[in-house]
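[1] attaching a predicted model along with its sequence, questions to come.
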Amino acid sequence: MDSRLFPLSPDFFTKTIEPLITAHYKRPGRPPKEGHYVFFCAILYVLRTGISWRDLPSHFGHWHTVYTRFKRWSENGLFWSLVYQLQQKKALKLDFTWIDSTNPSLGMEISLYKE
């Protein structure tokens, strides 16, 4: 496996992260097409590279499926609980920087102050 696409070893994931997921994850219905390991690596890939969801490599499955599952995990607190618990155990280090992409228009203000 390519370590750029799958930065975690399957053994580390099975021993450390999967028990946290199964303790919180009680979703009824059929199991997901892609396992938790591939999905978690996809999320790490998106967070690490900053790519848009549509540019997610096909190794991780369809981008919309990954996005929807991440949205569900994020809304019910599972993903952020995982991040918090893994950082408490010092098993994972994630540094987040959120950047707002809105840019205020300065054209009007600049033209008002011209002399």
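    Noted; the coordinates are in hand.
[2] residue 86 is in contact with residue 17, isn't it?
    Yes. With contact defined as CB atoms under 8 Å, residue 86 and residue 17 form a contacting pair (6.9 Å). Every residue, glycine included, has its C-beta placed from N, CA and C.
[3] the more surrounded of those two?
    residue 17 (19 against 16; other CB atoms under 10 Å).
[4] low pLDDT regions in the protein?
    For the chain, the stretches with pLDDT under 70 are 1-4, 25-27, 91-92, 94-115.
[5] in contact with the residue sitting nearest the centre point of the chain, which residues are there?
    Nearest residue to the geometric centre of the chain (CA atoms, centre = their mean): residue 43, 3.1 Å. Taking CB atoms under 8 Å, 6 or more residues apart in numbering, we find residue 43 in contact with 66, 70, 79.
[6] rerun at 7 Å
    With contact set as CB atoms under 7 Å, 6 or more residues apart in numbering, residue 43 has these partners: residue 70.
[7] residue 28 versus that one, what's the distance?
    22 Å (CB to CB, to the nearest Å).
[8] and for residue 93?
    To residue 28, residue 93 is 34 Å away according to CB to CB.
[9] do the same with residue 48
    Look at residue 48 and residue 28: by CB to CB, they are 32 Å apart.
[10] so which of these two has more stuff around it?
    Set residue 48 next to residue 28 and count neighbours by other CB under 10 Å: residue 48 wins out with 11 against 4.
[11] now do the helices in this protein.
    Per DSSP state H, the chain carries helices over the ranges 10-12, 18-24, 36-49, 63-75, 78-88, 107-112.
[12] compare those helices and give me the one nearest residue 55.
    Nearest to residue 55, of all these, is helix 63-75, at 7.6 Å by CB to CB.
[13] okay, buried residues for the closest one please.
    Neighbour-count burial for helix 63-75 flags 63, 65-67, 69-70, 73 (criterion: 16 or more other CB atoms under 10 Å).
[14] I'm done for today, thanks for sticking with me.
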